[in-house]
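Asks: any chance you can model this:
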Amino acid sequence: MVWRSVVVSNPAKLKRDHFALVIEQEKSARVPFEDIAVIVLNNREITLTHPVLSACAEYGIGLYATGDNHQPSGVFLPFQSHSRATRMLRLQLDLDKPTGKRAWATVVQAKINNQVFCMKMLNSGDHERLESYARRVRSGDTGNMEAQASAYYFPQIMGRSFTRAQETWANAALDYGYAVMRGACARALVAHGLLPTIGIFHASELNAFNLADDLIEPYRPIVDLFVATNRKTDDSVELSPVDKIALVGLLNVDVAMPRGVMSVLSSVEQAAESMARMYDGGSEQVLELPKLIGLNQHRHEM
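Replies: Predicted coordinates:
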């Protein structure tokens, strides 16, 4: 299983040497492509060769580019890397509404339960109130429990004056972490033949990642917990390279899945695979979604 995240924050040239990525800079590095899940390009003076892009597509690697604000602004994904991509597209389009609504309710419950764990870890707020929101989620989340939970949750973990509209370190960190998670979700969905554009709940015609925005929901509290735990005293400071590396590193923290404890990257793969099974004649009951258990980095056995 792929597990390594490569963040390039200094001027560099990226080349392919047979089965490995070569990063040429003051201290050059060589990483086997089969070990890489994500590459983040975080400097305007990075160049890469066409064979590197081909290798990213061949090995299913998500390649992120950042904009002038150093936030992820684009992701390169394999094009129809799955042998049954067209069949899966038809299945996505044919998903019946009752199954889609129940699936969305399952996703929302998983998200709120992870928000509950986040509040417990931070010893903030009334987690029983949030648990009641999770219990009250119905098919399609017609009661909008997701929004009600978030409206209560964020002021509890970030401070009562906090809003997502503020230009602060916390919001910049949340945006960066969510963007990385979103790209990982899109990468996994494509690897399992699913088209990220067609969502279960999210359905914007202007959004190329509707399904990724469905799948990411239970993973957002992982970013929330990190940001709330590491929030700067001076919340006006910008994200540092160390902050960005740590946020990308959240892809390697442990979460609990029905099949056991694993890294977020492995979990996203299983969640996407379970979503493909749901489309292919299953029900929302086959969905495998993560449970937040902390921020411990996954230990890889050699």
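
Asks: what are the buried residues along stretch 235-246?
Replies: Across stretch 235-246, burial judged by 16 or more other Cβ atoms under 10 Å covers D235, L239, D243, K244, A246. To be clear about C-beta, it is placed using only N, CA and C from the backbone, and glycine gets the same treatment.

Asks: same question, stretch 146-161
Replies: For stretch 146-161, by 16+ other Cβ under 10 Å, it's E146, Q148, A149, S150, Y152, Y153, F154, Q156, I157, M158.

Asks: can you redo the residues you listed as JSON lines with secondary structure?
Replies: Formatted as JSON lines, the buried residues of stretch 146-161 follow (DSSP: H, G, I helix; E, B strand; the rest coil):
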{"residue": "E146", "secondary structure": "helix"}
{"residue": "Q148", "secondary structure": "helix"}
{"residue": "A149", "secondary structure": "helix"}
{"residue": "S150", "secondary structure": "helix"}
{"residue": "Y152", "secondary structure": "helix"}
{"residue": "Y153", "secondary structure": "helix"}
{"residue": "F154", "secondary structure": "helix"}
{"residue": "Q156", "secondary structure": "helix"}
{"residue": "I157", "secondary structure": "helix"}
{"residue": "M158", "secondary structure": "helix"}
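
Asks: and those, which is closest to V190?
Replies: Using Cβ to Cβ, E146 is the member of those that sits closest to V190, with 25.3 Å.

Asks: OK, contacts around the closest one?
Replies: The contact partners of E146, taken as Cβ atoms under 8 Å, 6 or more residues apart in numbering, are V108, K111, I112, V137, E217.

Asks: go with 6 Å
Replies: By Cβ atoms under 6 Å, 6 or more residues apart in numbering, the contact set of E146 is V108.

Asks: and the pLDDT at it?
Replies: On pLDDT, E146 comes in at 95.

Asks: mind listing what's buried along the longest helix along the chain?
Replies: Scanning the chain for the helix with the most residues, using DSSP state H, yields helix 97-122. Of the residues in helix 97-122, 99-119, 121-122 count as buried by neighbour count, 16+ other Cβ under 10 Å.

Asks: can you list the buried residues of stretch 146-161 in CSV and add distance to L93?
Replies: What follows is the buried residues of stretch 146-161, written out as CSV (distance: Cβ to Cβ, whole Å):
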residue, distance to L93
E146, 25
Q148, 31
A149, 30
S150, 30
Y152, 36
Y153, 34
F154, 35
Q156, 40
I157, 38
M158, 39
